[in-house]
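Asks: Fold the following for me, if possible:
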Amino acid sequence: MSSDAFTDASPKKSSGHTALPPVSSPAIPSALAQTSAPSAAIPRTFVQTPAPPAAISPALALAVLAWWLLAALMIFWPDRQVGFAPPRFVGETHRLFVVLAVFLTLATLLGRVLNGRLFDPLRRAARWLVVLAVLIALWETVTAKLALLPAPFFAPPRALVEAYATDWRRLGDSVLNSLRLLAAGFVLGSLSGFITGVAIGWSRGLGYWVHPVLRLLGPVPSTALLPLSLYFFPSSFSAAIFLIALATWFPVTVLTWSGVSSVDDRYYDVARTLGARPLFLILRVAVPASLPHVFVGLFMGLGASFSVLVAAEMMGVKSGLGWYLQWAQGWAAYANMYGALIVMALLFSSLITLLFTLRDRLLSWQQGAMKW
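Replies: Model (predicted):
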């Protein structure tokens, strides 16, 4: 072999590193085949298997059975005739409860198969569903089946269905007017209470003058000022807004004031060291630190505004849930009155739940600290 051939076959060195073979060299696919061949023999241990369907709890199975038994009781046990007029909306009530039983059954089966978010709430509410079915069965038995309670003061469930089906326009209009009145009064009272609480919590001089007025007028029930408000305000609607705002103003003011006063002084010292001005201290230090107290005041103010709303609507407003209750009582339509009470309970409870949801969003570091 010549020296030139030996020189060409020898590896070329450059700065101490061995030169790589060209890209078209057959050594690369063979090397890849040698390195990738053992990896094919590695067992697949990370393959996810589908989760098995969730087991139906005995309480949930009992709830499904209870609602089917309730529907059977309503359909197959004949009603006792009370008075001369035949009962109305009997078939519609039966179909409604059959639909509820079918919905509960399908939700249970589909939630078990899909393991979705629908199944967990059903499983948690299973015992309450059983109790609710038992209570409705007792209600149906003592009113429609046996007629043990005097009519029309105690109406059967079909009377509620009749009230919602025949008077939903008036009831819906009353709900909308109550929401408008409540929103106007609650927002006005919350804003004025928040501003007042921040002002007297920050300024001792202002607190010297406002604090006695707060202690004097705050504990007075807002409904006690109804005659004065009807005299000073041009309409009953504006008077009702003032009373609701006053009922909301007091707890929001007190709790906001307490929150601003309880802020640690070291927060202010650090902010002043960094060059913060008084407006920055109020908006970026005092207000965020007092938000937990503010939401407690909003919760208390919202609860107080409900009672004032109903009382104010009974005194002069021409439409609203309070007016509807008084109208139903005047016409001895007690089923309509009970229907309005159920709507009122669901509506007010939903508003408080919405307030707590907003609180958990804004105060994520204190989520769940305040229960509802």
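
Asks: Contacts only, for residue 319.
Replies: Counting by CB atoms under 8 Å, 6 or more residues apart in numbering, residue 319 touches 173, 174, 177. C-betas here are computed from N, CA, C, even on glycine.

Asks: Looking at those, which is nearest residue 152?
Replies: Comparing those against residue 152 with CB to CB picks out residue 174 as the nearest, at 20.6 Å.

Asks: and the nearest residue to that closest one once chain neighbours are set aside, backbone torsions?
Replies: Once flanking residues are discounted, residue 174 sits nearest to residue 324: 4.3 Å by CB to CB, 6 or more residues apart in numbering. Backbone dihedrals for residue 324, given as degrees, to the nearest 10, come out at phi -60, psi -40.

Asks: Backbone torsions only: list them for residue 323.
Replies: phi -60, psi -40.

Asks: quick one: it and residue 317 touch, right?
Replies: Yes. Contact status for residue 323 versus residue 317: in contact at 5.5 Å, counting by CB atoms under 8 Å.

Asks: For the longest helix anywhere in the chain, buried residues please.
Replies: Counting residues, the longest helix found in the chain (DSSP state H) is helix 168-202. For helix 168-202, a neighbour-count test (16 or more other CB atoms under 10 Å) marks 170-171, 174-175, 177-178, 181-182, 184-186, 188-190, 192-194, 196-202 as buried.

Asks: Next: stretch 60-75.
Replies: Buried, per 16+ other CB under 10 Å, within stretch 60-75: 60, 63, 64, 66, 67, 68, 70, 71, 73, 74.

Asks: Which of the residues you listed lies at the shortest distance from residue 361?
Replies: residue 60 (31.0 Å).

Asks: Excluding residues flanking it in the chain, which one is nearest that closest one?
Replies: Closest to residue 60 by CB to CB, 6+ apart is residue 126, at 4.1 Å.

Asks: so the one you found makes contact with residue 57?
Replies: Yes. Under the criterion of CB under 8 Å, residue 126 makes contact with residue 57 at 6.1 Å.

Asks: Tell me which of these two has more neighbours.
Replies: Taking other CB atoms under 10 Å, residue 126 and residue 57 do not tie; residue 126 has more neighbours (22 against 15).

Asks: For that one, list the residues it contacts.
Replies: 57, 59, 60, 62, 63.

Asks: what comes up buried for the helix or strand encompassing residue 288?
Replies: Using DSSP states H and E, residue 288 maps to helix 287-315. Buried residues in helix 287-315, counted by 16+ other CB under 10 Å: 287, 289-290, 292-302, 304-306, 308-315.

Asks: How about stretch 201-209?
Replies: Buried-residue list, stretch 201-209, by 16+ other CB under 10 Å: 201, 202, 207.

Asks: How far away from the center of its chain is the host helix or strand of the last one?
Replies: Taking DSSP H and E as the definition, residue 207 sits inside helix 204-217. For helix 204-217, the distance from its own C-alpha centre to the chain's C-alpha centre is 35 Å (CA atoms, centre = their mean, to the nearest Å).

Asks: by contact count, what packs against that helix?
Replies: Applying 3 or more CB pairs under 8 Å, 6 or more residues apart in numbering; DSSP states H and E, we find helix 204-217 packed against helix 168-202, helix 236-261.

Asks: how about those, which one is nearest residue 146?
Replies: Across those, closest to residue 146 is helix 168-202 (CB to CB), at 29.3 Å.

Asks: Could you check the angle the closest one makes with helix 204-217?
Replies: Relative orientation of helix 168-202 and helix 204-217, computed by axes from the mean of the first three to the mean of the last three CA atoms, to 10 degrees: 140 degrees.

Asks: counting contacts, what elements does helix 168-202 pack onto?
Replies: Checked by 3+ CB pairs under 8 Å, 6+ apart, helix 168-202 has helix 204-217, helix 236-261, helix 287-315, helix 321-330, helix 334-362 packed alongside it.

Asks: Let's see that with 10 Å instead.
Replies: helix 157-166, helix 204-217, helix 236-261, helix 287-315, helix 321-330, helix 334-362 (3 or more CB pairs under 10 Å, 6 or more residues apart in numbering; DSSP states H and E).

Asks: Minimum distance to residue 104: which of these has it?
Replies: When those are compared (using CB to CB), the closest one is helix 157-166, at 16.9 Å.

Asks: Thank you, goodbye.
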